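[1] give me the fold of what follows.
(chains A and B, ligands or ions: 2)
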Amino acid sequence: MEYVLKTRGVTKYFYEPEKFKVLNDITLEVKHGEFLSLVGKSGCGKSTLMYVLSTMDTDYEGELEISGELLTGKDQNYLADFRNKYIGFIFQFHYLLPEFTALQNVMIPAMKRGKYSRQEVQERAYEKLSILGVKDQALKVTSKLSGGQQQRVAIARALINDPDIIMGDEPTGNLDSYNTQLVFDILTELTHTYKQTIIAVTHDEEFARKSDRVVEMSDGKILRI
Amino acid sequence: MKLVVEIAKTHLLAKPKQTVVAMLGVTFGIGMFIALVSLMTGLNDFTEEVTMTSSPDIHIYNDITENRPSILDQVNQTGLNIVHHQKPKKETARLRNALQIAEMIRRDPRVLGVAPTLSSQVFYNYGPLELPGSIAGVDIIEEDKLFDLRSKMKAGRIEDLLANNDGIIIGTGIARKMNVKLGDRIVITTPQGHTMPLKIVGLFQIGIGTIDNVRSYANISTVQTILQQDQTYITDINIKLFDLHQAKAIAPEFQAMVGYKAEDWETANSTFLTGVVIRNIITYSVSITLLIVAGFGIYNILNMTIINKMKDIAILKAMGFSGSDVRQIFMIQSLVIGFIGSIAGLCIGYTLSYLISQAPFDGGDMVSLDHFPVNFDTKYYITGIVFGVLTTAFAGYMPSRKAAKIDPIEIIRGQ
Ligand SMILES: Nc1ncnc2c1ncn2[C@@H]1O[C@H](COP(=O)(O)OP(=O)(O)OP(=O)(O)O)[C@@H](O)[C@H]1O
Ligand SMILES: [Mg+2]
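    Ligands and ions are numbered 1, 2, ... in the order given. Okay, here's the model as predicted:
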């Protein structure tokens, strides 16, 4: 199977405060193992599109297909389970559970999946944390981490279930240039070695330039593929 | 440990103060319920026991105050007869063929024991003192079988009555009021004016003033002699059943059979037993109110928790938790609060009941009590915990369902 993600004519409206077409007929195909950057001016609809692609937003017209499976119209619990297995998501604002330690945050999606034993999950979680350089923070409650550390923990969490697609909404937004480079290298390696697919929103031109493909958006439409 | 349990635990431990406050609500509710129910049922059991031991399950007597049909009614049966101020017929309280009736009833398989007795209003005289009361002529052995008199004796033995034909066993209330002791002689005066000195061979205490202050027992023949009646003179038949709760159903049957009034113990003690019903109503309404208040407390706290945790719920759902996983996380929290709170409530309730049972209390002249009667039946402790957990489950259910329905995208986008 060549394409891991396909959309056909995805259109979305916001009705508040007035009716407004935020996504306009978006048709996109993403190949296996591709590293795709989504760029565009602030407010053009990048985050909105990412929420649709991640299956969390179901209020749109058109169709979404991931790993050959049509996801449009599926119910919430099915989609939750699907996300758990096949999608890793890095939010624009690193969303971690504040009462839990960094390690627990990374472990939770894997524990939920139940594929590995607790022992294995813990080892894998430590491994991801150490790749991102925050292993020493593993036992700290995440509300006590710095912004950049939190973001790296969030990335580790997105990787834990070896998802087919990793989606990031400005995954390096909070990071210094050293760590941005680090994250970029990790993501590139995942695409090349493990054939995982990356779709990342970014404002960082350098980041975009180095990726396999850049998609530019403007006013809810795709300009350049 | 299951993942949802672990998450619930972390939530509870992250805000220990809030968790403890929620638990205290339940603890207070259940604790008060236990204390209240223990005291109230203790009082009820005491009342019921005293009532039961002091009155027969069914009492057969000649009710001379009962309206009788007028002679006019007998003669002119179809007309409308009005007779004003019909005077009672001159009649004694005698039960005709009492011993045969007693024998007949004794053969009924539902009957445990039958005691024919005779009773009369009398005055007790001791020196210048005169005290109204009632004397019962009994076969003391039979009476003991029915009412367990032996265990109520404070002085003397019931067998002493058999040995003394001029003996009498009086209530402790009478003894105290007249300042007499075992071996003293008191004079009995009947309404007809007959008198007879009797020797006190025993003192009993049932525990209710209305009996201990008035009643005395003597042999049947003694009382027949005082009243100057023959040996067949019997005024009452007391019946004890195997199952006292059948009394209400059986009494009318006996009444029809023997042609005399047959009264069951519930009817005879209805004023006493209304107290029991009222106490039950108070106990349960107060307890339920307390638990509902505790339930609202939990409802509020969980609701607040969920509002504070909207973001976390959205993340969990984004990472693949289903609605029911989220509901479980919050249900577990409320059940843990309910369970621990209830257990603590049981302990508090037990402690309170124990303290109450130790507190001195003067029952006064009415009842002989020196401390509160408290019931420690485990039944109420089980009710308490079941009720506590159910209330919290119910209080937690609605907020949990709300959490399950949260649409993650709304919250994540809203940031
Ligand atoms: N919940 C909402 N209701 C109505 N309009 C919204 C809502 N969320 C976003 N918008 C609007 O939709 C448009 C697209 O928003 P979106 O967040 O997708 O932008 P973006 O491309 O991610 O911008 P940025 O680069 O700043 O993150 C914006 O004009 C925004 O004002
Ligand atoms: Mg955005």
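[2] hmm, who's touching stretch B:252-267?
    Residues from elsewhere that reach stretch B:252-267 (Cβ atoms under 8 Å, 6 or more residues apart in numbering or on different chains): B:51-52, B:55-63, B:66, B:95, B:101, B:104-105, B:239, B:244, B:247-248, B:250-251, B:273. The C-beta positions use only the backbone N, C-alpha and C, and glycine is treated the same way.
[3] in PyMOL, how would I select just the buried ones from those residues?
    To isolate the buried ones among these in PyMOL, judged by 16 or more other Cβ atoms under 10 Å in any protein chain shown, type:
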select buried, chain B and resi 51+55+56+57+58+59+60+61+62+95+101+105+239+244+247+250+251+273
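[4] for A:Glu206, report the pLDDT, please.
    You'll see A:Glu206 listed with a pLDDT of 84.
[5] and B:Phe330, by the same measure?
    90.
[6] my guess is it contacts B:Ile307, does it?
    No: at 11.9 Å, B:Phe330 does not count as touching B:Ile307 under the criterion of Cβ atoms under 8 Å.
[7] is the most centrally placed residue in chain A in a helix, a strand, or coil?
    With distances taken as Cα atoms, centre = their mean, A:Met167 lies nearest the centre of chain A, 1.9 Å away. Using DSSP: H, G, I helix; E, B strand; the rest coil, the structure places A:Met167 in strand.
[8] equivalent analysis for A:Arg124, please.
    helix.
[9] ok, now which ones touch it?
    Counting by Cβ under 8 Å, 6+ apart, the residues that A:Arg124 touches are A:Ala110, A:Tyr116, A:Ile160.
[10] can you check the pLDDT for B:Val114?
    For B:Val114, pLDDT reads 89.
[11] what's the helix or strand where it lies packed up against?
    Following DSSP states H and E, one finds B:Val114 within strand B:111-126. Strand B:111-126 is packed against helix B:98-106, strand B:129-138, helix B:140-147, helix B:172-178, strand B:185-189, helix B:220-227, strand B:236-241, with contacts defined by 3 or more Cβ pairs under 8 Å, 6 or more residues apart in numbering or on different chains; DSSP states H and E.
[12] one step back: give me the more crowded residue out of B:Phe330 and B:Ile307.
    Between B:Phe330 and B:Ile307, B:Phe330 has the larger neighbour count (other Cβ atoms under 10 Å in any protein chain shown), namely 26 against 11.
[13] residues contacting that one?
    B:Ala8, B:Leu302, B:Thr305, B:Ile306, B:Gly396, B:Pro399, B:Ser400, B:Ala403.
[14] where's the dip in pLDDT among the residues you listed?
    Minimum pLDDT across these falls on B:Leu302, with 76.
[15] burial count for the residue lying closest to that one once chain neighbours are set aside?
    Excluding the flanking residues, the one nearest B:Leu302 by Cβ to Cβ, 6 or more residues apart in numbering or on different chains is B:Pro399, at 4.1 Å. When neighbours are counted by other Cβ under 10 Å, B:Pro399 registers 24.
[16] element containing B:Pro399, please.
    Per DSSP H and E: helix B:378-405 holds B:Pro399.
[17] show the subsequent helix or strand relative to that helix.
    helix B:408-414.
[18] so what does that next one touch, helix or strand wise?
    Looks like helix B:408-414 contacts helix A:46-53, helix B:310-318 (3+ Cβ pairs under 8 Å, 6+ apart).
[19] which one of those lies nearest to ligand 1?
    Closest to ligand 1 of these is helix A:46-53 (Cβ to the nearest ligand atom; 3.1 Å).
[20] output the very next helix or strand once past the closest one as PDB, nothing but the C-alphas.
    Using DSSP H and E, the helix or strand that follows helix A:46-53 towards the C-terminus is strand A:61-66. What follows is strand A:61-66, C-alpha atoms only, in PDB (Å, rounded to 0.1, in the frame of the first residue of the first chain):
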ATOM      1  CA  GLU A  61     -17.300  17.300   4.900                       C
ATOM      2  CA  GLY A  62     -15.300  15.000   2.600                       C
ATOM      3  CA  GLU A  63     -13.400  11.800   3.400                       C
ATOM      4  CA  LEU A  64     -10.400  10.800   5.400                       C
ATOM      5  CA  GLU A  65      -8.600   7.500   4.900                       C
ATOM      6  CA  ILE A  66      -5.700   6.200   7.000                       C
END
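[21] SS state for the closest residue to chain B within chain A?
    As assessed by Cβ to the nearest Cβ, chain B sits closest to A:Asn84 within chain A, at 2.4 Å. Following three-state DSSP, A:Asn84 is assigned to helix.
[22] state the distance from it to A:Asp169.
    19 Å (Cβ to Cβ, to the nearest Å).
[23] give me the domain ranges for chain B.
    B:2-52+B:272-413, B:58-69+B:91-264 (automatic domain parsing).
[24] quick one, which of these is nearest to A:Tyr60?
    Closest of these to A:Tyr60 is domain B:2-52+B:272-413, at 11.0 Å (criterion: Cβ to Cβ).
[25] gap between the closest one and the chain center?
    Centre-to-centre, domain B:2-52+B:272-413 and its host chain are 27 Å apart (Cα atoms, centre = their mean, to the nearest Å).
[26] and the end-to-end length of that domain?
    Taking Cα to Cα, to the nearest Å, the first and last residues of domain B:2-52+B:272-413 lie 30 Å apart.
[27] could you list the buried residues of the host helix or strand of B:Leu346?
    According to DSSP H and E, B:Leu346 maps onto helix B:323-358. Buried residues in helix B:323-358, counting neighbours by 16+ other Cβ under 10 Å, are found at B:323, B:325-346, B:348-350, B:352-353, B:356-357.
[28] put the alpha carbons of the longest helix along chain A into CSV.
    For chain A, the longest helix by residue count, based on DSSP state H, is helix A:177-194. Extracted in CSV, the C-alpha atoms of helix A:177-194 (Å, rounded to 0.1, in the frame of the first residue of the first chain):
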residue,chain,number,x,y,z
SER,A,177,18.0,25.3,18.0
TYR,A,178,20.1,22.5,19.5
ASN,A,179,17.0,20.5,20.5
THR,A,180,15.1,21.5,17.3
GLN,A,181,17.9,19.8,15.4
LEU,A,182,17.8,16.8,17.8
VAL,A,183,14.0,16.3,17.3
PHE,A,184,14.4,16.8,13.6
ASP,A,185,17.0,14.1,13.4
ILE,A,186,15.0,11.7,15.5
LEU,A,187,12.0,12.2,13.3
THR,A,188,14.0,11.8,10.1
GLU,A,189,15.5,8.6,11.4
LEU,A,190,12.0,7.2,12.2
THR,A,191,10.9,7.8,8.6
HIS,A,192,14.0,6.4,7.0
THR,A,193,14.6,3.4,9.3
TYR,A,194,11.2,2.4,10.5
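[29] so is the first helix or strand past it going along the chain next to ligand 1?
    As assigned by DSSP H and E, the chain's next helix or strand after helix A:177-194 is strand A:197-201. No: applying Cβ under 6 Å from any ligand atom, one finds strand A:197-201 separated from ligand 1 by no less than 6.6 Å.
[30] now the angle from the helix holding B:Pro399 to helix B:310-318?
    80 degrees (axes from the mean of the first three to the mean of the last three Cα atoms, to 10 degrees).
[31] report all helices and strands that helix B:378-405 contacts.
    Looks like helix B:378-405 contacts helix B:16-54, helix B:270-308, helix B:323-358 (3+ Cβ pairs under 8 Å, 6+ apart).
[32] what's the closest of those helices to ligand 1?
    Of all these, helix B:270-308 comes closest under Cβ to the nearest ligand atom, at 19.3 Å.
[33] buried residues in that closest one, which are they?
    Those buried within helix B:270-308 under the rule 16+ other Cβ under 10 Å are B:272-273, B:276, B:279, B:283, B:287, B:290-291, B:294-295, B:297-299, B:301-303, B:305-306.
[34] can you give me the helices for chain A?
    Using DSSP H, helices in chain A cover A:46-53, A:76-86, A:102-113, A:118-131, A:147-159, A:177-194, A:205-210.
[35] quick one: name the residues of chain B near chain A.
    By Cβ under 8 Å from any Cβ of the partner chain, the residues of chain B that approach chain A are B:3, B:6-7, B:10-11, B:14, B:311-312, B:314-325, B:407-409, B:412-413, B:415.
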